[in-house]
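Peer 1: Quick one, structure for this:
(chains A and B)
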Amino acid sequence: MPIIEIKSLSKVFTKDFSNKKIEALKSLTIDISEGEVFGFLGPNGAGKSTAIKLMLNLIRPTSGTLLIDGKPVFQKSVRRLIGYLPENPFFYDHLSAKELLWFGGRTCNMSDALIEQRTTSLLKSLDLFDAMKRPLRSYSKGMVQRAGLALALIHDPKILILDEPMSGLDPMGRKKVFDLILRLKKEGKTVFFSSHILHDIERLCDRAAILINGSLVRLIDVQKDLPSGKTLEEVFFEEVERSGGLRE
Amino acid sequence: MKGILSLASITFKEGIRNRALFGIFIMALLAFALTMIMTSLFMRDIVRVAASLSLTTISFSGLLMIIFIGTSLLAKDIDKRTIYMVISRPLSRAEYCVGKFLGLSYLIGVSIAFLGIISSIPVIISGIGYDNPLAIFNWNVYFIAILFIAMKLLLIASVIIFWSAITSSSFISLILTIAVYIVGSTNEVVRGFLDQKMEGMNITPLMAGVIKFAYYVFPNLSAFDLKLQAANGIPVSAEYFVWTSVYGLVYISIMVSAAALAMTRREFP
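Peer 2: As a prediction, this is how the structure comes out:
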């Protein structure tokens, strides 16, 4: 049984005053197996973040179904299985990374001792240990991103949903996140992540989906299906051109 | 329950470390010092004046705190998308509202307790050198008045939660909360004018209906104002204490429940 089942998922946003409808996601169907690293590709406005927000029940589908571990995503117990990193995470300014992770652990019913142990190991592996008592507002963008990753991982979730985890990171920061995803893959976690950095997706993912204007245009087994001599980047540009570019 | 309490805890920490709170505390301490100076200008009723000014300081500082820090703790969660971090955890939207309210309540409780204890200093000091200065003063009533200020602030906090749940801008939440505060502080007086039917007053049935509607829908904040009783040592009846507390708690429950309902239906694109 797939750990993430997305069937005919659509989302239409209605603008407040003009009543104009925007179809952000059109009948998306994807199954993701346990232990798979799945990349979500697409230009800005393609519907990647919309799909991710639907998985987290931050927004609700207009039609279609979305099951995680066989349960509908509106059940709060589902979110115990998920670690989520939003695109450009914002945290409380005056909290420290240690307090942030304490909050994350407590919401998942973890004991204080286990939270302490996980916090130490995560912050050490993400190079935040020395800054763990500093307020988050004093962190650089890369540090905030890594603190967000630590929060996503504190409860040792089965599934990681990462929205642009490499965005805004310097090369060292990117390498850290890259290595972390590799390590999670080895641990058998399911990782679903969106990124604009196609080279990273090519190296990390088992499969990738290309989304353009809210529609799934291609599902690729990255390790087997890439046409010989072509990179994922070339395939991606071909698909964008074939689908007639981007809508406004 | 662990989730709600942990959210309440981080809400409290975020609020107590806010620099605006230190500014408000410093302003309150200066006002208490000013109270001691001002009462030295009076020849009689010194303690009464000191108590009244001290309670006014607590009430005003609490109001600033709840309006500015309360709004930043709640509405900005939605404005800045900090809410993603919270509701992507195994917490329901209703638990989010309750956790935020509890955190804000804890902040109000600690701040008002601190200001309340400090406020007793000008009351004691201003009476020094006078014969039996606390003769008509009743500390029980004074501390009940402080408790009611805290309850009024909790009620305003629940109003902030409600507006934050249904609007998408912290500025709109702030404006609407201030509007509720103004109407809530004056609706009893306006209703009093309506009931007295004074000569020369020409109130149309529509206006009377609007006033009655506002009286029942908006919180009656003047019920929590016991400055007069505290300054004059007039005891507060047990009945008044209980029914006003019940009124406050019921209003708060309605506001937080309505906020939870609105949050549950809301999307965060």
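
Peer 1: Quick check: which element contains the residue nearest to B:Leu194 when sequence neighbours are not counted?
Peer 2: Nearest residue to B:Leu194, sequence neighbours excluded (CB to CB, 6 or more residues apart in numbering or on different chains): B:Ile211, at 5.3 Å. Every C-beta, even on glycine, is put in place using the N, C-alpha and C of the backbone. Using DSSP states H and E, B:Ile211 falls within helix B:205-217.

Peer 1: Determine the three-state secondary structure at the residue nearest the centre of chain A.
Peer 2: Compute the mean C-alpha point of chain A, and by CA atoms, centre = their mean the closest residue is A:Leu162, 1.9 Å away. On the three-state scheme (DSSP: H, G, I helix; E, B strand; the rest coil), A:Leu162 is labelled strand.

Peer 1: Neighbours of the residue lying closest to it once chain neighbours are set aside, how many?
Peer 2: Spatial nearest neighbour of A:Leu162, chain neighbours left out: A:Phe193 (3.9 Å); criterion: CB to CB, 6+ apart. By the measure other CB atoms under 10 Å in any protein chain shown, the count of residues near A:Phe193 is 25.

Peer 1: a strand runs through A:Phe193, doesn't it?
Peer 2: Yes - inclusion of A:Phe193 in a strand is indicated when three-state DSSP is applied.

Peer 1: what's the spacing between it and B:Thr82?
Peer 2: Here the criterion is CB to CB, to the nearest Å. By it, A:Phe193 lies 22 Å from B:Thr82.

Peer 1: Next: A:Arg118.
Peer 2: Applying CB to CB, one obtains 22 Å for the distance of A:Arg118 from B:Thr82.

Peer 1: and what of A:Leu126?
Peer 2: Taking CB to CB as the criterion, A:Leu126 is separated from B:Thr82 by 20 Å.

Peer 1: the more surrounded of the two?
Peer 2: Summary of the neighbour comparison: A:Leu126 and B:Thr82, criterion other CB under 10 Å, with A:Leu126 having more neighbours (21 against 18).

Peer 1: confidence score at that one?
Peer 2: Looking at A:Leu126, its pLDDT reads 84.

Peer 1: contacting residues for it?
Peer 2: Going by CB atoms under 8 Å, 6 or more residues apart in numbering or on different chains, A:Leu126 touches A:146-147, A:149-150, A:176, A:180.

Peer 1: how about the residues of chain B near chain A?
Peer 2: Proximity of chain B to chain A is confined to B:2-3, B:5-7, B:9-10, B:13-14, B:17-18, B:80-82, B:84-85, B:87-92, B:267-269 under the rule CB under 8 Å from any CB of the partner chain.

Peer 1: one step back: residues of the helix holding B:Ile211 that come out buried?
Peer 2: For helix B:205-217, burial by neighbour count (16 or more other CB atoms under 10 Å in any protein chain shown) applies to B:211, B:215.

Peer 1: Would you mind putting the CA coordinates of it into PDB?
Peer 2: Taking C-alpha atoms only, helix B:205-217 is exported to PDB below (Å, rounded to 0.1, in the frame of the first residue of the first chain):
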ATOM      1  CA  PRO B 205     -37.100  53.200  18.000                       C
ATOM      2  CA  LEU B 206     -34.400  52.200  15.500                       C
ATOM      3  CA  MET B 207     -31.700  53.900  17.600                       C
ATOM      4  CA  ALA B 208     -33.100  52.300  20.800                       C
ATOM      5  CA  GLY B 209     -32.900  48.900  19.000                       C
ATOM      6  CA  VAL B 210     -29.300  49.500  18.000                       C
ATOM      7  CA  ILE B 211     -28.300  50.500  21.500                       C
ATOM      8  CA  LYS B 212     -30.000  47.400  23.000                       C
ATOM      9  CA  PHE B 213     -28.400  45.200  20.400                       C
ATOM     10  CA  ALA B 214     -24.900  46.600  21.200                       C
ATOM     11  CA  TYR B 215     -25.600  46.200  24.900                       C
ATOM     12  CA  TYR B 216     -26.300  42.500  24.600                       C
ATOM     13  CA  VAL B 217     -23.700  41.700  21.900                       C
END
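
Peer 1: who's in contact with that helix?
Peer 2: Surrounding helix B:205-217, the residues in contact under the criterion CB under 8 Å, 6+ apart are B:183, B:187-188, B:190-191, B:194, B:203.

Peer 1: For stretch A:222-235, what does the pLDDT average out to?
Peer 2: pLDDT averaged over stretch A:222-235 equals 75, rounded to a whole number.

Peer 1: Just checking the distance from it to the centre of its chain.
Peer 2: Distance of stretch A:222-235 from the chain centroid (CA atoms, centre = their mean, to the nearest Å) equals 22 Å.

Peer 1: Give the buried residues for it.
Peer 2: Neighbour counts over stretch A:222-235 (16+ other CB under 10 Å) mark A:222, A:226, A:232, A:235 as buried.
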